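*Asks:* I would like to see how this sequence folds:
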Amino acid sequence: MSSLESKIKSKELDLFFKAILELNDIDECYKFFEDVATINEVKSLAQRLHVANLLKHKKTYSEIAEITGASTATISRINRCLNYGSDGYSLILERLENKK
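*Replies:* The predicted model follows:
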């Protein structure tokens, strides 16, 4: 799905994503996200990416729930995104894997 087809596309999100793309390193990410979101929101996003990574590595729902503390509903939603979503998780997980 291209950005033009996105269901969430807006000028506000364009500005937000452009801001993220201007961050230069992890320290800047911490500074920005600590200001822009609550700690729980940031941790929730990180947990979702962790769940997606574990799903991609064929872990079971029960293993993922134990490792991450995510509910099976959250794991299921992320699994649906991996299988039928916009390929955002797959894109970033592949890039991260290639950088190892």
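*Asks:* secondary structure element holding the residue most central in space within the chain?
*Replies:* Nearest to the mean C-alpha position of the chain, counting by CA atoms, centre = their mean, stands Leu49 at 4.2 Å. Using DSSP states H and E, Leu49 sits in helix 39-56.
*Asks:* buried ones in that helix?
*Replies:* Buried residues in helix 39-56, counted by 16 or more other CB atoms under 10 Å: 48, 50-55. C-betas here are computed from N, CA, C, even on glycine.
*Asks:* about what we covered before: pLDDT score for the residue nearest to the centre of the chain?
*Replies:* In this model, Leu49 is scored at 98, pLDDT.
*Asks:* again, but for Lys56
*Replies:* So Lys56 comes in at 96 (pLDDT).
*Asks:* got a list of what the spatially closest residue to it that is not a sequence neighbour touches?
*Replies:* Using CB to CB, 6 or more residues apart in numbering and skipping residues adjacent in sequence, the residue nearest Lys56 is Leu93, 5.6 Å away. With contact set as CB atoms under 8 Å, 6 or more residues apart in numbering, Leu93 has these partners: 49, 52-53, 56.
*Asks:* let me have those residues in a markdown table, adding distance to Ser71 as columns.
*Replies:* As requested, the contacts of Leu93 are arranged in a markdown table below (distance: CB to CB, whole Å):
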| residue | distance to Ser71 |
| --- | --- |
| Leu49 | 16 |
| Ala52 | 15 |
| Asn53 | 17 |
| Lys56 | 19 |
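*Asks:* tell me the one of those residues nearest Cys81?
*Replies:* Ala52 (7.4 Å; CB to CB).
*Asks:* number of nearby residues for Asn79?
*Replies:* 19 (other CB atoms under 10 Å).
*Asks:* hmm, back to that, go ahead and confirm the residue nearest to the centre of the chain touches Ile92.
*Replies:* Yes: with contact defined as CB atoms under 8 Å, Leu49 reaches Ile92; the gap is 7.4 Å.
*Asks:* quick one: low-confidence ranges for this structure?
*Replies:* 1-4 (pLDDT under 70).
*Asks:* can you map out the strands along it?
*Replies:* Taking DSSP state E, the chain contains no strands at all.
*Asks:* now do the helices in the protein.
*Replies:* Along the chain, the stretches classed as helices by DSSP state H are 11-21, 26-36, 39-56, 61-68, 72-84, 88-98.
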